[in-house]
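>>> here is a sequence together with a model predicted from it:
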Amino acid sequence: MAKDKTTEVKKEEVVVGAEAPKAAPKTPKKKVISGILYIDATFNNTKVLFADKMGNTLFWSSAGSLGFRGAKKGTPFAASKVGDVIGSKAAILGVKDADVVVLGVGSGREPVIRAFMAHGIEINSIADSTPVPHNGPQAKKPRRV
């Protein structure tokens, strides 16, 4: 027959009024020297994604995720705040330089790059990958009277 397996549970003493030990400051799990910054600037929002050279997403942010609502999401001020958040996260990770890929025609294109560069990160290249239609929308049918 099989033996019964019993496990012992260790009980930790809880002291009332004692403070929990403070956590050490966050240290990055891996160092990334360079990466790619993808900026999606629409009329209604600005979304930013930072990836390593292999294309793996490291972190992202948007104006909506920072608390901006409605028409304020599409402003250059909101875009600069998004760039500031992404730049600070990249600086903690140890990023020295980045390539930038911009999509869209919104007003947050330049403020994101300026706020990102303010954290001491060098920009190698800026590529505009805004999709452009070759034939545009279908024309309206002629009116029959």
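Good, I have the coordinates.
>>> so what pLDDT did residue 55 get?
The predicted local distance difference test score for residue 55 is 88.
>>> the residue most central in space within the chain in helix, strand or coil?
Using Cα atoms, centre = their mean, the residue of the chain that lies closest to the mean C-alpha position is residue 60, 1.6 Å off. Counting by DSSP: H, G, I helix; E, B strand; the rest coil, the backbone at residue 60 sits in strand.
>>> without its sequence neighbours, what residue ends up closest to it?
Leaving aside its chain neighbours, residue 60 sits nearest to residue 49 (4.2 Å; criterion: Cβ to Cβ, 6 or more residues apart in numbering). C-betas here are computed from N, CA, C, even on glycine.
>>> likewise residue 105?
Across the structure, with Cβ to Cβ, 6+ apart as the measure, the residue nearest residue 105 apart from its sequence neighbours is residue 130 (6.3 Å).
>>> re earlier: confirm the residue nearest to residue 60 sits in a strand?
Yes - counting by three-state DSSP, residue 49 is part of a strand.
>>> and the residue nearest to residue 105, backbone torsions?
The phi and psi torsions at residue 130 (degrees, to the nearest 10) take the values phi -60, psi 130.
>>> quick one, what contacts it?
When contacts are counted by Cβ atoms under 8 Å, 6 or more residues apart in numbering, residue 130 touches 102-105.
>>> tell me which element residue 107 falls in.
Take DSSP states H and E as the rule and residue 107 turns out to sit in neither a helix nor a strand.
>>> ok, it touching residue 44?
No - with contact defined as Cβ atoms under 8 Å, residue 107 does not reach residue 44; the gap is 10.7 Å.
>>> these two: who's more crowded?
Here residue 107 and residue 44 are compared on neighbour count by other Cβ atoms under 10 Å; more neighbours surround residue 107, at 17 against 11.
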